[in-house]
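Student: Sharing a model that was predicted from the sequence below.
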There are 2 protein chains.
Amino acid sequence: MSKLARSPLAPKSFPDLLPVAGVEMGVAESGMKYAGRPDTLLATFAVGTVAAGVFTKNTCPAAPVDWCRAALKATGGSARALVVNAGNANAFTGAAGADATRITAETAAELVGSAAQEVMICSTGVIGEVPPIAPLIDPLEGIYSGLSGCPSSSGWLDAAIAISTTDTFPKGCSKVAIIDGKKVVLSGITKGSGMIQPNMATMLAFVFTNADLSQGVLQALLSDITEKSFNAVTVDSDTSTNDTLLAFATGVNAGHARITDAADPRLADFTEKFTELCIDLAQQLVRDGEGATKFVTIKVEGAADDASAKRTALAIANSPLMKTAIAGEDPNWGRLVMAIGKSGERVNRDAVKIWIGDQGVAENGVVLASYSEDEATKHMQGDEVSFTVDVGVADGEATVWTCDLTHGYITINADYRS
Amino acid sequence: MSKLARSPLAPKSFPDLLPVAGVEMGVAESGMKYAGRPDTLLATFAVGTVAAGVFTKNTCPAAPVDWCRAALKATGGSARALVVNAGNANAFTGAAGADATRITAETAAELVGSAAQEVMICSTGVIGEVPPIAPLIDPLEGIYSGLSGCPSSSGWLDAAIAISTTDTFPKGCSKVAIIDGKKVVLSGITKGSGMIQPNMATMLAFVFTNADLSQGVLQALLSDITEKSFNAVTVDSDTSTNDTLLAFATGVNAGHARITDAADPRLADFTEKFTELCIDLAQQLVRDGEGATKFVTIKVEGAADDASAKRTALAIANSPLMKTAIAGEDPNWGRLVMAIGKSGERVNRDAVKIWIGDQGVAENGVVLASYSEDEATKHMQGDEVSFTVDVGVADGEATVWTCDLTHGYITINADYRS
C-alpha cells in the first residue's frame, strides 16, 4: 500500500469476500523493497483447476508475462499455483529476469507437486532492475506450510494488500452465480493506481471460481468480459509492461457437470456475475487513480459500431484538457467537442448530442437554449461525474470509466520514483 | 497574449522578421473578448498569390476550417487576403457559425476587390459559442485603409500578438532561401500553447514567401514539411478543432521563373529553409507548452519504418508518466520502456538501446553496467532534455519535440476557462 492518504473515491471498507472451494492462499514479507507489509502472495489450486489469462499488449512485456503466456500454452491452461510479488516488475531485465521467473515457478511447483508450467507468476513494481532471487523464493515454503488445507474467507484482504504497490486501498469483489440451479462463487482481487490504460487487462487482477469449466470456456468468457471491464477503464493512458488478468476455475464442489461450450445457456447468470465482478474491480482501479478526486463515466452512443464508440469514449477519457476541466469542476463542453473529434472516428458533427449528467447540453451540433451552466457546474461538483455523447452516425455504443487529472497526479509522479 | 508569466523556455526576444514582397498586414482590437490588445489580423496579398493549406484531422472541425478547405478547392488556391480573429474558435457553432465566417470573407473580399473564396479565414479561442458578427467584420475596413501599400518588417510582432490566445510569447521566424541564384524570403508566425497534438498543422501557423511557385508545388512542399515540423510536436496530445497551417507564395520580385514541379532541383535550398522555418515555429509552440519547464527531444531509431518510429516517439512524448518524470528531473527510464512498448509498434525488446542525453543507458534489453544515474539526473536538470531509443527492428527513424507535464499545466487548465 502507498503511504499516501486513502483515495477520496475509495469504498468505505474492503468487502467481505467469499472463500472459493479449491483455492487457498497466504502472504509473507520478503524484504525485497517494502518494510512492514506483505509483498508476496502464494495461492494454490486443487488438481484439475484450469486457468485463463489476458495480458498486456505492451510490446516490451515483463518476464512473468512471457512466462504465463508460454505456460498456459504449454499446459493447455492447467494451473496449480499463483505467485505474485510486489516491488519489482521484472520488466526489461533480459535473460536474468527470465531466469528469476522460472526459478520462482520451479520452487513453487516443488512445493505443490506440479510441473513448473502449472505455476503462474506475476510481478509488479519498478521496471528495469533485475530482481534478486532470494526474496522471490525464500518466502514460499513458509507460506505453503502455513496453509490450513481449507479455503478461507479471511485471507483475501492480506492477499489484496500483498499484491499492491502505489494503491491507496486494497481492492476486491465477490459474486455468487447460479449454474444449473446450483450456487458457485466468484471472488477476485486487483491492484493498480497509475500506468493504467485499457489495452488488455490493466495491471494485475485475479478472479477465482469453483465453477467447473473447460479452459476454453474460461478463456472465452474472460477475453470477452475484459473488453467491457478492465479494457474500459483508464487513469492516464499509460499501458504497463506487466498488465495481467488471470482467472482460475477449480471445479471443486461446483455441483454441476463440467461446461465445455461457451455458448452453453447454463452460463447466462455466471457470465453476468463474472462481468459485474470484473467491472467492479476495474472501477476500483479508477477510484484509486493517482490523484483522482472524481469518478467519471463516459458513454458514447450513435457510433459506427461499438468499437468506434469505445475509441471515441477513450479519446475523451484520456484527453488531458477534459480531465483537467473535470478536476476544475468546469463544464467546459467545448473541450468535449474537441475530444470527440480528436479520435478520428466517424462523427456526424451537425447531429452531435451532448449531455452532462442528465442535462441536455447540445443537439444538432449547437448548444441548446435550455442549457444551464449553473446546473452543469452543480453536477460537476459531485464525486461522480458523467458525460454522454451521441455522435449521430449509427447504433454503436460503449461506456468507459476514468478519473480526473489533478495536482495530486503530478505530485505523485514528478516527485517519487515508483 | 496570456496574462501568465512568459514561458521559461521562450526565446529572449521576438526575432527580426523580414518583409515579404506582395504581403501587407495590419491589426486591430475588436473588443470581442480581450481588452487592450489586438485580436484581429488582416493580411493582403498581391494578385497572383497562391495559397496551400494543411488542416486539423479533428472530425469536428470549426467553421473557418470548413471554409478554407472549400475555398482552396474552389479557386485552385488563389488567395488575396487572410483574416484571423482570436477569442472565439467558431467551432461547434452550426449554420450560424458558417454564416459568420462567410460574411467575414465577403467583407474582406469587398475591400481587396476579390472573390470571397480568395479570402482565408482562421479563428481561435473558445469552442461552442456562436461569434457575434460585428466584432468580426467591423475592424477590417480600418485595418485596410491603414495599409501603406508596401510590405514592412514592423508589422510582424503585432500580427503574432493579434493571433494569440493563451500564448505567453509571440512566435515568428524568417529565412532567406536561394532559388536559381536569387534570394527569396520566407517569414512565418504561429500561435498555440495548449490543445497541441500533432495530427495535422497544430493550431494556427502562417508562412509567407515571395517565391514564384505553382499552387501544386506549394501544397506538395507544405504537406511534406508538415510531417517533420508541426506534426512532430505535441504538448498534451489534444487535437484542436481549428488547427490550420497556411502558406502563401506571392511571386512578387521573386527574380526567378515560376516553378511548377515539386521535384525541380532549383527548390533544394528553398525546401531546406522552408523546413527549418516550420520546425522553428513548431518548436516555439512546444517552448510555450502550458506549464512547460523542459524542452524535450525524443528520437527513435531502428524502427520498422519512419512512420512507425514517429508513432513510438509520440507514444513516449505523450505519456503522462514520462512527462511527469521529466518535470521531476527523474531519469526514470523504466517509464521510457513502458512508453516504447505501449505504442504497439514493432519492437525487438531484447535488442533495445536507450540513451539519456549522450549517455548510453541500456543495450540488448538490459541496463548497462556503465550507466550513471547521477550523470542522467544532471542532464535532466537542464532546460533541454533528450532521449534516444533504438528499437532494434530496421532503419526507420523520427524525431519529435515535446515538453514536460507540470503543476502549471493543471493550474492553467483546471482553474481557467480558456
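Tutor: Nice, I can see it.
Student: which SS state does the residue lying farthest from the centre of chain A fall under?
Tutor: Here chain A reaches farthest from its C-alpha mean at A:Ala369, the gap being 41.1 Å by C-alpha atoms, centre = their mean. Following DSSP: H, G, I helix; E, B strand; the rest coil, the label given to A:Ala369 is coil.
Student: pLDDT score assigned to it?
Tutor: A:Ala369 carries a pLDDT value of 92.
Student: What of the one 10 residues further on?
Tutor: Taken from the predicted model, the pLDDT recorded for A:His379 is 97.
Student: list the contacts for it?
Tutor: A:331, A:356-357, A:359, A:385-386 (C-beta atoms under 8 Å, 6 or more residues apart in numbering or on different chains). For glycine as for every other residue, the C-beta is placed from the backbone atoms N, C-alpha and C.
Student: any idea how far A:Cys68 lies from A:Ala52?
Tutor: Separation of A:Cys68 from A:Ala52 (C-beta to C-beta, to the nearest Å): 11 Å.
Student: repeat for A:Gly26
Tutor: According to C-beta to C-beta, A:Gly26 and A:Ala52 sit 23 Å apart.
Student: what's the answer for A:Gly357, then?
Tutor: Counting by C-beta to C-beta, the gap from A:Gly357 to A:Ala52 is 38 Å.
Student: Of these two, give the one with the bigger neighbour count.
Tutor: Counted by other C-beta atoms under 10 Å in any protein chain shown, A:Gly357 and A:Ala52 do not tie: A:Ala52 has more neighbours, with 23 against 18.
Student: okay, the more buried one: pLDDT?
Tutor: 86.
Student: what pairs with it across the strands?
Tutor: For A:Ala52, the beta-bridge partners are A:Ala247 (DSSP bridges).
Student: got a list of what it touches?
Tutor: So A:Ala52 contacts A:72, A:77, A:215, A:218-219, A:221-223, A:246-247 (C-beta under 8 Å, 6+ apart).
Student: so how far is chain B from it?
Tutor: 22 Å (C-beta to the nearest C-beta, to the nearest Å).
Student: Can you pull the poorly scored residue ranges out of the stretch 1-150 of chain A?
Tutor: A:1 (pLDDT under 70).
Student: quick one, strands of it?
Tutor: Ranges of strands within the stretch 1-150 of chain A are A:23-28, A:40-45, A:50-55, A:81-88, A:119-126, based on DSSP state E, counting those that start in this stretch.
Student: can you tell which of those strands is closest to A:Ser2?
Tutor: Closest to A:Ser2 of these is strand A:81-88 (C-beta to C-beta; 11.4 Å).
Student: now that closest one against strand A:23-28, angle please.
Tutor: 30 degrees (axes from the mean of the first three to the mean of the last three C-alpha atoms, to 10 degrees).
Student: which helices and strands sit right next to strand A:81-88?
Tutor: Applying 3 or more C-beta pairs under 8 Å, 6 or more residues apart in numbering or on different chains; DSSP states H and E, one finds that strand A:81-88 makes contact with strand A:40-45, helix A:94-112, strand A:119-126, helix A:133-145, strand A:204-209.
Student: Please identify which of those is closest to B:Phe206.
Tutor: Here strand A:119-126 is closest among those (C-beta to C-beta), at 47.1 Å.
Student: ok, the closest one near chain B or not?
Tutor: Yes: using C-beta under 8 Å from any C-beta of the partner chain, we find that strand A:119-126 touches chain B at A:Val126.
Student: Taking strand A:40-45 as reference, get the angle to that strand.
Tutor: Using the same axes, to 10 degrees: strand A:119-126 against strand A:40-45 is 160 degrees.
Student: Can you get me the centre-to-centre distance for strand A:119-126 and its chain?
Tutor: Using C-alpha atoms, centre = their mean, to the nearest Å, the distance from the centre of strand A:119-126 to the centre of the chain it belongs to is 14 Å.
Student: In CSV, could you pull the C-alpha coordinates for it?
Tutor: The C-alpha coordinates for strand A:119-126 follow below in CSV (Å, rounded to 0.1, in the frame of the first residue of the first chain):
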residue,chain,number,x,y,z
VAL,A,119,2.6,-22.1,-11.7
MET,A,120,1.5,-18.6,-12.8
ILE,A,121,3.9,-15.8,-11.9
CYS,A,122,3.1,-12.1,-11.7
SER,A,123,5.3,-9.2,-10.7
THR,A,124,4.7,-5.5,-10.2
GLY,A,125,6.9,-2.6,-9.3
VAL,A,126,10.0,-0.9,-10.6
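Student: May I see the buried residues of it?
Tutor: A:119-126 (16 or more other C-beta atoms under 10 Å in any protein chain shown).
Student: got any residues that touch both of A:Cys68 and A:Ala52?
Tutor: With C-beta under 8 Å, 6+ apart as the test, A:Cys68 and A:Ala52 both reach A:Leu246.
Student: so who does the closest residue to A:Gly53 other than its chain neighbours touch?
Tutor: Leaving aside its chain neighbours, A:Gly53 sits nearest to A:Leu246 (4.9 Å; criterion: C-beta to C-beta, 6 or more residues apart in numbering or on different chains). By C-beta under 8 Å, 6+ apart, the contact set of A:Leu246 is A:51-53, A:68, A:82, A:120, A:122, A:205-207.
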